[in-house]
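# I'd like to go over a predicted model; first the sequence, then the structure.
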Amino acid sequence: MHFNKLWIYFNIEFTLLFLIIIILSLYLLNNYFKYKDEDIIYMCMLWSIFMLYLSFTVSDLDDCFICIIDNFAINNNIILMIKKFIIICSFFFLILLNNFKNIIKLNVFAYLLIIYTCILSLFIIMLSNNLFVIFLFIELVNLCIYCLIGLNNNSNSGIESAYKYFIQSAFATIIGFFGASFIYFSTGTLLLNEISSLVYFNDINWLTILGIYLIFSSIFFKLGLFPLHSWMPDVYQGALLITVVFISIIPKIVYVFLFLKLFSVFFNIISSYCIIISLISILYGSIVALYQYSFKRLLAYGSMVHIGLIIFSISIFTPQSITAGLFYLLLYIILMFFVFCFMFFLFEENDNGLYYIDNINKLTIFVNSNKVLLWSLIFIFFILAGLPFFIGFISKWYVFINFIGYGKYLVLFVLLSISCLSTIYYVRLIRFFIFIDKKYKTINMHNFDIFEIFGIFKNFDRMFIILFFLLLFLNIIIILLHSIIYLYIFKNVIILYL
């Protein structure tokens, strides 16, 4: 294949690889030139804009599947759409990183090098048509995330969570490799398009089915679904806040897509298993979240509920249910950025410097010292709870309405019941924030207004305020144009997968 054709299909990956080489070179030369951290972050922001521009120059992906390099890589419109979304997410992540480095000291060069290596691996996972290549780069993503968690080496919980994640993720990847090897022994191929043909003609045996179950169990670990979820609360609590932002957003986008990619091949075999696991995850996460006193652990179990609902919707495997699941994922990612923006306010200064307030009781006292922050967090919790007249309700509405159209009223009743249960832990937080008893206000807090909060942080960038209003604007736009976004996703799902 000519290089110009290869560049058309892989221009984002080549550009991202070139950025990694530049960051590594600057890191090695930093002792001589003493680059500022802000300059490197701004360079990566400009590079993200350039990659986003390149993604819009790819205009000849009209075929359902474009197979290149001997069927080892597959590119299509929905993959390109997810790449654009990840690049936009990485741009906002850089804005958060630029402000977080003023709170806690970070080796920005090493941090960005790990982040972009992880993103490049995620892109290759989406493009790959070979099970071995997919799990090979999944392990590279695991190593990157392990390094990111381990950067919180000043905390015992950070070191402990890094080791827990490394051991459990390695075990989960081994399970996936075992599944891929079983499929290879029974079918003689690791290419998904060839395996899809064998499954379609029912030319498989029990060893292939066992391998399929092992592969999906490995993916459920990456998504943090029951019963392979134990790493997620510990990582959320032990890792740095900026690391939690990355782990909870960008890899999960790709893992949900990988689930859809593999599920479209094996759905006749694995659908019941996926539906059961997702339902148990939704129920388990909703119950356990009620007993959490750590805000990060609460978000971890809340993520378990949301991802479980997305996987459940995709597992029904109708055009509408797949579209509803991807639409839910889009809104969930935007809302999580919104949540983490406010979490950057939840730092308090003591004799040892700034520390993050994670305990919900202390957090309640802190938030009550600022009414603007209080009502902003309440607004977010209303959205995450999925109450009517908020965009969280819109995402759940699209998921639930599909079951009415297909006459699955029992499933709808069960999901509505669990959804009502899952709103309790968000309402519980609101109750703590508003109706806190004054006798518990024993911490000497200053009554900051919204601008004095920024005074806690040295050189806190005004770009954070711009990011806040941008996310608020995006929420308003989604409320007004949600049907257009839904139809755009629906069109790509119809063309490419069904």
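Nice, I can see it.
# Contact partners for residue 344?
Residue 344 makes contacts with 96, 99-100, 103, 241, 464, as judged by CB atoms under 8 Å, 6 or more residues apart in numbering. For glycine as for every other residue, the C-beta is placed from the backbone atoms N, C-alpha and C.
# number of nearby residues for residue 21?
Number of residues near residue 21 (other CB atoms under 10 Å) recorded here: 10.
# actually residue 397, not the one I wrote
Quick note: residue 397 (other CB under 10 Å) scores 15 neighbours.
# That one and residue 23, how far apart?
Applying CB to CB, to the nearest Å, the value for residue 397 to residue 23 is 43 Å.
# again, but for residue 317
41 Å.
# cool, and residue 164?
In this view, residue 164 and residue 23 are 29 Å apart by CB to CB.
# between the two, which one's more packed in?
residue 23 (24 against 17).
# where's the residue lying closest to that one once chain neighbours are set aside, which helix or strand?
In this structure, residue 23 finds its nearest non-sequential neighbour in residue 113, 5.1 Å apart by CB to CB, 6 or more residues apart in numbering. Assigned by DSSP states H and E, residue 113 belongs to helix 108-127.
# Tell me the helix or strand right after that helix.
Next element after helix 108-127 (DSSP H and E): helix 131-150.
# so that next one versus helix 108-127, what angle?
150 degrees (axes from the mean of the first three to the mean of the last three CA atoms, to 10 degrees).
# For residue 160, pull up the helix or strand it's in.
Assigned by DSSP H and E, residue 160 falls in helix 156-187.
# cool, and residue 286?
Counting by DSSP H and E, residue 286 is part of helix 241-288.
# now that helix and helix 131-150, what's the angle there?
Using the same axes, to 10 degrees: helix 241-288 against helix 131-150 is 100 degrees.
# Report the distance from helix 241-288 to the chain centre.
Relative to its parent chain, helix 241-288 has a centroid offset of 10 Å by CA atoms, centre = their mean, to the nearest Å.
# Can you check the pLDDT for residue 447?
As predicted, residue 447 sits at a pLDDT of 37.
# my bad, residue 313
Looking at residue 313, its pLDDT is 84.
# How about residue 119?
90.
# Kindly report the same for residue 459.
Value for residue 459, per-residue pLDDT: 38.
# ditto for residue 349
62.
# check contacts around residue 429.
298, 360, 377, 381.
# Format those as TSV; extra columns: pLDDT, secondary structure and distance to residue 422.
TSV is the format used below for the contacts of residue 429 (pLDDT from 0 to 100; DSSP: H, G, I helix; E, B strand; the rest coil; distance: CB to CB, whole Å):
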residue	pLDDT	secondary structure	distance to residue 422
298	83	helix	12
360	75	helix	17
377	75	helix	18
381	78	helix	12
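# Now tabulate those in CSV and tack on neighbour count and distance to residue 221.
Putting those into CSV (neighbours: other CB atoms under 10 Å; distance: CB to CB, whole Å) gives the following:
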residue, neighbour count, distance to residue 221
298, 24, 21
360, 18, 28
377, 21, 31
381, 21, 28
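# Pick the one among those closest to residue 472.
Nearest to residue 472 among the contacts of residue 429 is residue 377, at 13.5 Å by CB to CB.
# how near is the closest one to residue 49?
Distance from residue 377 to residue 49, by CB to CB: 31 Å.
# Helix, strand or coil: sort out residue 228 for me.
coil (DSSP: H, G, I helix; E, B strand; the rest coil).
# so what's it closest to, chain neighbours aside?
residue 221 (3.9 Å).
# Show me what the helix or strand harbouring the one you found is in contact with.
For residue 221, the enclosing helix or strand under DSSP H and E is helix 206-223. Helix 206-223 is contacted from outside by 131, 135, 138, 168-169, 172-173, 175-176, 178-183, 185-187, 198, 228, 231, 251-252, 255-256, 258-259, 262-263, 266, 269-270, 273-274, 277, 307, 311, using CB under 8 Å, 6+ apart.
# Same check on stretch 235-244?
96-97, 100, 104, 106, 148-149, 151-152, 155, 157-162, 164-165, 247-248, 294, 296-297, 299-300, 340, 343-344, 356, 358.
# Average pLDDT for the helix or strand harbouring residue 401, rounded please.
For residue 401, the host element (DSSP H and E) is helix 391-405. For helix 391-405, mean pLDDT rounds to 77.
# can you check stretch 47-63 too?
71.
# and what of stretch 426-436?
pLDDT averaged over stretch 426-436 gives 73.
# Please compute how far it lies from its chain's middle.
With CA atoms, centre = their mean, you get 27 Å for stretch 426-436.
# quick revisit: run the angle between the helix holding residue 160 and helix 206-223 for me.
160 degrees.
# List the buried residues in helix 156-187.
158, 161-162, 164-166, 168-169, 172-173, 175-184, 186-187 (16 or more other CB atoms under 10 Å).
# per-residue pLDDT, the residue nearest to residue 116 when sequence neighbours are not counted?
Nearest residue to residue 116 in three dimensions, chain neighbours excluded: residue 20, at 5.1 Å (CB to CB, 6+ apart). With respect to pLDDT, residue 20 has a value of 85.
# One more: residue 154?
69.
# Over to residue 255?
pLDDT, residue 255: 90.
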